[in-house]
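Asks: Need a 3D model of the following:
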Amino acid sequence: MTRQSNKVDVVIVNYNGGDLLLQAVQAVLDSRLPIRLVVVDNASSDGSIERLGAEYPQAQILQNQKNLGFATAANQGLSAGNADFVLLLNPDCLLQPDTLQGMLESMADYPDVGMAGCRILNPDGSEQRGCRRELPTLGSGAGKALGRSQAMDLHRQPLPDRPQFVEAISGAFMLLRRKALADVGLLDEGYFMHCEDLDWCRRFADAGWKILFVPDVEVVHYQGHCSKSSPVRVLWHKHRGMARYYRKYLAGQGSLLRSIVVVPAIYLRFLMLAARDGVHGLFRRS
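Replies: Numbers count the residues shown, from 1 in each chain. Below you'll find the predicted structure:
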């Protein structure tokens, strides 16, 4: 397959993805459309990238010597291709053979769509929160900081019977029009992991590109598989990302008092959750 024949460049960022990485790669290669696969590895230590290289020589591997974070590694992969469409895919997310074909057919009907996501399922078949959602506002962002995750997520709403414009989709599966990517730019590398997808959705919208949710295309996402070995570290970067998003887009919308309070509240929530998880961990080991 020549590079010019690719319909879609698929970019996967790996960090200790284990067996699921290989399953995700096989699912991508089983796609009915011609693809070019780029896997960017963030210094994995579980042998997954070595296994990938041995078993899937058709995958292009970019190997970092240390963990540069999701956004930086994703940008490396996004910059490596030239197909008209590029899919940013988590290593614990499994496509179907017709996933990409269905997505491209939907996007063909909406030339002003720069980014599209599908219905993402948990392994039990339920819809995963975050695959269709709203962008944070001062109110919903405060709800998120207080643990009300449904403040922005739309997965409890009835499933639409046709593609629907939304404000944001999940970073686990983001299909981008290369033209829109060139217009908007790469991910903000100020985020290490988490919230960079919301930031990107905000920037696509600000640049005039629409975001599409396609309900009749489904993938399965084993959420958290790559981060289970360091949950507190992941929790830290998640809250750090929340604080960065707030400073970039929301801090100027509220009162001075709110601006003073919100960021410390975000980090207080991190400390409370980290302490809770630490206590739970002690009980699990006892």
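Asks: Okay, now the unreliable bits of the stretch 151-286 of the chain?
Replies: 151, 225-230, 254-259, 277-286 (pLDDT under 70).
Asks: how about the helices of it, start to end?
Replies: Ranges of helices within the stretch 151-286 of the chain are 178-184, 196-206, 231-245, 256-285, based on DSSP state H, counting those that start in this stretch.
Asks: what's the angle from the third one to helix 196-206?
Replies: Right, helix 231-245. In terms of direction (axes from the mean of the first three to the mean of the last three Cα atoms, to 10 degrees), helix 231-245 departs from helix 196-206 by 20 degrees.
Asks: Dump the C-alpha coordinates for helix 231-245 into PDB.
Replies: Output of helix 231-245 as PDB, limited to C-alpha atoms (Å, rounded to 0.1, in the frame of the first residue of the first chain):
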ATOM      1  CA  PRO A 231      -3.800   6.100  39.300                       C
ATOM      2  CA  VAL A 232      -2.700   8.900  41.600                       C
ATOM      3  CA  ARG A 233      -0.300  10.300  38.900                       C
ATOM      4  CA  VAL A 234      -3.100  10.100  36.400                       C
ATOM      5  CA  LEU A 235      -5.400  11.800  38.900                       C
ATOM      6  CA  TRP A 236      -2.900  14.600  39.300                       C
ATOM      7  CA  HIS A 237      -2.500  15.300  35.600                       C
ATOM      8  CA  LYS A 238      -6.300  15.200  35.200                       C
ATOM      9  CA  HIS A 239      -6.800  18.000  37.800                       C
ATOM     10  CA  ARG A 240      -3.800  19.900  36.400                       C
ATOM     11  CA  GLY A 241      -5.500  19.800  33.000                       C
ATOM     12  CA  MET A 242      -8.800  21.000  34.500                       C
ATOM     13  CA  ALA A 243      -6.900  24.000  36.000                       C
ATOM     14  CA  ARG A 244      -5.200  24.800  32.800                       C
ATOM     15  CA  TYR A 245      -8.500  24.800  30.800                       C
END
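Asks: for that helix, which positions count as buried?
Replies: 231, 234-245 (16 or more other Cβ atoms under 10 Å). C-beta here means a position set from N, CA and C on the backbone, and glycine is covered the same way.
Asks: rewinding a little: so which of the helices of the stretch 151-286 of the chain gets nearest D92?
Replies: helix 231-245 (13.3 Å; Cβ to Cβ).
Asks: Who are the packing partners of the closest one?
Replies: helix 138-145, helix 196-206, helix 256-285 (3 or more Cβ pairs under 8 Å, 6 or more residues apart in numbering; DSSP states H and E).
Asks: Fine by me, thanks again.
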